[in-house]
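Engineer: test case, fold it:
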Amino acid sequence: MPRAYCRVLGPARLTINDVAAPQELLWRKHLALLVYLARSPRRTRTREHLLGLLWGDKDERQARHSLSEALGAMRRALGERAVRVDVDQVGIEPGAVVLDTEQFVQLTDHGDWARAAALVEGAFLEGLSVPEANEFENWLAAERAEWRARGVDAIARHAEARLSEGDAQTAAREAERALVLAPTSEIAVRAAMRALALCGDRAAALRVLEEFTRVLHAELGNAARPAKETVALADRIREARVGRRVIAAAAAAPRRIPIAGRTRELAILNAAWQRVCTDGGRGHIAIIEGESGAGVSRLLEEFVSRARLDHATVAAARAVPGDRVVRWSALSGLVAGGLADAPGLAGAPPTALATLRQIGPDSEASLADAFAAGVAAVADEQPLCLAIDDAQWIDAETLTMLPRLARDSARQSVLIALGVVLGAPESTRFDELRARFGRDLDGSVVRVGPLDEAALRQLVAVMLPDYENADVDRLLRRVRHDTAGLPLLAVSMLEAVADGMKLAAGAPAPWPAPERTLLDSLPNDLPPAVVGSVCERFRRLLPEAQQVAGAAAALGGRTTLQALLRATALARDAVDASLDLLEWERWLLADARGYVFVAPIVRAILLQEMITPGQARRYRGNAGDLKTA
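Structural biologist: Numbering: from 1, shown residues only. Sure thing, here's the model as predicted:
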């Protein structure tokens, strides 16, 4: 018996033994009868029911003749045994016709959202209409509503899964596909908004809500409003803070390069965050560690970006070398980086609030108690993520307090995320903390290393989509050789190639040398192609952005906005715009206390190759005492 397979989640496509079905079986009513029987209980219906369903506009003799013709076409295409006909019932044998809806249900039952989403190509039997058959049209409308809802749910779940793996661009495409299928689906709206925001395109994320509201008003009237959850997500996207300012993402802002090769690492962090948020209160410390340039900061940023879009509070800070000798500097950064503005903080004891308002290097040990009380009050309101990047530089007082804070938060929804760069003596200060994980502290260690070939190939596909396979293979060999798979250098090199930089023939000896890391490398130790790619990216910046980047490199450490204004002598608007651009293109990172280079090695390259000693002295002289925070 031939086997028929019919795609109905979109425009109908019917094949028999993998060959297109005969044309007579694709006639509107013949196809409608086939699909209707395949979707019927026990794949059987009475003759009278089918006659009224599809041929109610004809007299009885014509209707019976049309049904007989349709059944004959099915027998000729599917085989005599595939169609059952008795005195008053008509049916098709199990397995004679398989619909993609059956496969869809099996996949969703097993949580295979990627393959289920791939089956959804449009509305159920898209384009098929039998206007003279009212009962069939009513059935078709009900089927379309059911499968639209199921399809949107599967696509949205697939988008969320891709988000959890760090692939925001694919997630955005999937969510936007769900919106095409169901423009009034709030599940699809929220999935699209989250994905676009995590792509770095907050303006597009907010436009999704604007378009959704317009559609609601058009279909349901001006009184219709998005759900509170959707509005709250828009507020979190709109208010996402960078430093002390709210960055308004311009429509033309470049999208961030997707994070690649970090599926496992993100899954560990996201699973820990979900446990913290859903287990009725649970404290957790996550240490993200790797060599300089391995992408510790980017992974931490990616994770924190997701936490910001949840119904949660995020307080983030970044340490610099000078912070190690300033008492409570990291704690101060967390207070300024989001805790002070957190919902629920007002519930802390008045003495704790007073202590937090007066925080400084001279604060007493009671500050630790005040901070713990503040954290408890905030976590009672909603889950809390405390994130410190470059944590190897935090002060001894804050480092000593962290285990106690995690222990005291064991029954609260608090996650402490620490980004630690290995290779420096300071990173060994976390050995004791790691050793306590699984004993008296709930914690996890996420180690990031160089990108493998698959991850580098993913970056090439995104950044150089026009490259042929042979060119991709050649470029991959060179990138792996010159960058050792370190994400920071690989992305810089690929960006420069995408903008026209020609790689010189031949390559230096493999880098880095054995037993050496990027942390030990001086700019003149790096492969020329890597140094050249950083310089090429710098030359592409607008002149004002070059000045701001140059001033930040000359001033070093954590640089304040006021210091950059004085160092460059540029207008405030020009410096603000330049800082936004430098953040989007990942030259600088910002927290509530100022701006820091994403990677010290990039700063070193600029100082050696692109900024003269005279320029550096002028920048420092202009900034004066405002050099750092």
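
Engineer: show me what contacts Val460?
Structural biologist: Residues near Val460 by CB atoms under 8 Å, 6 or more residues apart in numbering: Tyr467, Val472, Leu475, Leu476, Val479, Leu494. C-beta: built from backbone N, CA, C; applies to glycine.

Engineer: in the stretch 501-629 of the chain, which spans are strands?
Structural biologist: 588-591, 594-597 (DSSP state E, counting those that start in this stretch).

Engineer: save the ones you listed as JSON lines, and put in distance to Asp153 and mean neighbour count too.
Structural biologist: Formatted as JSON lines, these follow (distance: least, CB to CB, whole Å; neighbours: other CB atoms under 10 Å):
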{"stretch": "strand 588-591", "distance to Asp153": "37", "mean neighbour count": "25"}
{"stretch": "strand 594-597", "distance to Asp153": "42", "mean neighbour count": "25"}
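
Engineer: helix or strand for the residue lying closest to Asp408 once chain neighbours are set aside, which one?
Structural biologist: Among residues not flanking Asp408 along the chain, Ala372 sits closest, at 5.6 Å (CB to CB, 6 or more residues apart in numbering). Using DSSP states H and E, Ala372 sits in helix 366-381.

Engineer: what's downstream of that helix, the next helix or strand?
Structural biologist: Defined by DSSP H and E, the subsequent element after helix 366-381 is strand 384-389.

Engineer: now do the helix or strand following that next one: which elements does it pack against?
Structural biologist: For strand 384-389, the following helix or strand on the C-terminal side (DSSP H and E) is helix 396-408. Other helices and strands packing on helix 396-408, by 3 or more CB pairs under 8 Å, 6 or more residues apart in numbering; DSSP states H and E, are strand 282-291, helix 329-334, helix 366-381, strand 413-422.

Engineer: before we move on, the earlier item: between the strands of the stretch 501-629 of the chain, which one is nearest to Glu302?
Structural biologist: strand 588-591 (12.9 Å; CB to CB).

Engineer: Val548 contacts Leu582, doesn't it?
Structural biologist: Yes: here Val548 reaches Leu582: they are 6.5 Å apart, a contact under CB atoms under 8 Å.

Engineer: okay, those two: which has more neighbours?
Structural biologist: Shown here are Val548 and Leu582; by other CB atoms under 10 Å, Val548 has more neighbours (29 against 22).

Engineer: contacts only, for the more buried one.
Structural biologist: Leu564, Thr568, Leu570, Val575, Ser578, Leu579, Leu582.

Engineer: next one: Ser68
Structural biologist: Counting by CB under 8 Å, 6+ apart, Ser68 has no contacts.

Engineer: where's Asp57 relative to Ala133, distance?
Structural biologist: 7 Å (CB to CB, to the nearest Å).

Engineer: any chance of the strands of the stretch 501-629 of the chain in TSV, with mean pLDDT and distance to Asp442 too?
Structural biologist: As requested, those are exported to TSV (pLDDT from 0 to 100; distance: least, CB to CB, whole Å):
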stretch	mean pLDDT	distance to Asp442
strand 588-591	84	26
strand 594-597	90	30
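
Engineer: just send these back as TSV, with distance to Asp201 too.
Structural biologist: Listed next are these as TSV, based on distance: least, CB to CB, whole Å:
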stretch	distance to Asp201
strand 588-591	19
strand 594-597	22
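
Engineer: okay, and the closest residue to Ser164 other than its chain neighbours sits in which element?
Structural biologist: In space, and not counting its chain neighbours, Ser164 is closest to Asn270: 4.9 Å by CB to CB, 6+ apart. Under the criterion of DSSP H and E, Asn270 resides in helix 263-278.

Engineer: do the same with Arg162
Structural biologist: Per DSSP H and E, the secondary structure element for Arg162 is helix 134-164.

Engineer: can you give me the domain assignment for the protein?
Structural biologist: Using automatic domain parsing, the domain ranges for the chain come out as 1-164, 263-447, 451-629.

Engineer: so what's Cys277 up against?
Structural biologist: Residues in contact with Cys277 (CB under 8 Å, 6+ apart) are Asp310, Ala312, Pro383, Ser413.

Engineer: er, Val90 I mean
Structural biologist: Leu37, Thr44, Arg45, Thr46, Arg47, Leu50, Leu67, Leu71, Val83, Arg84.

Engineer: helix or strand right after the helix or strand harbouring the third one?
Structural biologist: For Arg45, the element it lies in under DSSP H and E is strand 44-46. Next in sequence after strand 44-46, counting helices and strands by DSSP H and E, comes helix 47-54.

Engineer: quick one on the thing from earlier: more neighbours: which of Asp57 and Ala133?
Structural biologist: Remark: of Asp57 and Ala133, Ala133 carries more neighbours, 20 against 12, as counted by other CB under 10 Å.

Engineer: for Val97, what are phi and psi?
Structural biologist: phi -130, psi 120 (degrees, to the nearest 10).

Engineer: need the contact list for it.
Structural biologist: Ala4, Tyr5, Cys6, Leu34, Leu37, Ala38, Leu78, Ala82.

Engineer: shouldn't Arg411 be within a strand?
Structural biologist: No: assessed with DSSP: H, G, I helix; E, B strand; the rest coil, Arg411 is coil; it does not lie in a strand.

Engineer: sorry, back to before: and the contacts of Cys277, which two are furthest apart?
Structural biologist: Across these, no pair lies farther apart than Asp310 and Ser413, at 10.7 Å, counting by CB to CB.

Engineer: which neighbours do those two have in common?
Structural biologist: Cys277, Pro383.

Engineer: looking at the two, which one has more neighbours?
Structural biologist: Ser413 (26 against 17).

Engineer: quick check, nearest of the contacts of Val548 to Val19?
Structural biologist: For those, the nearest to Val19 is Leu582 (58.3 Å; CB to CB).

Engineer: and the closest residue to that closest one other than its chain neighbours, how far from Val87?
Structural biologist: Counting by CB to CB, 6+ apart, Leu588 is the residue found nearest to Leu582 once chain neighbours are left out, at 4.5 Å. Using CB to CB, one gets 81 Å for the distance from Leu588 to Val87.
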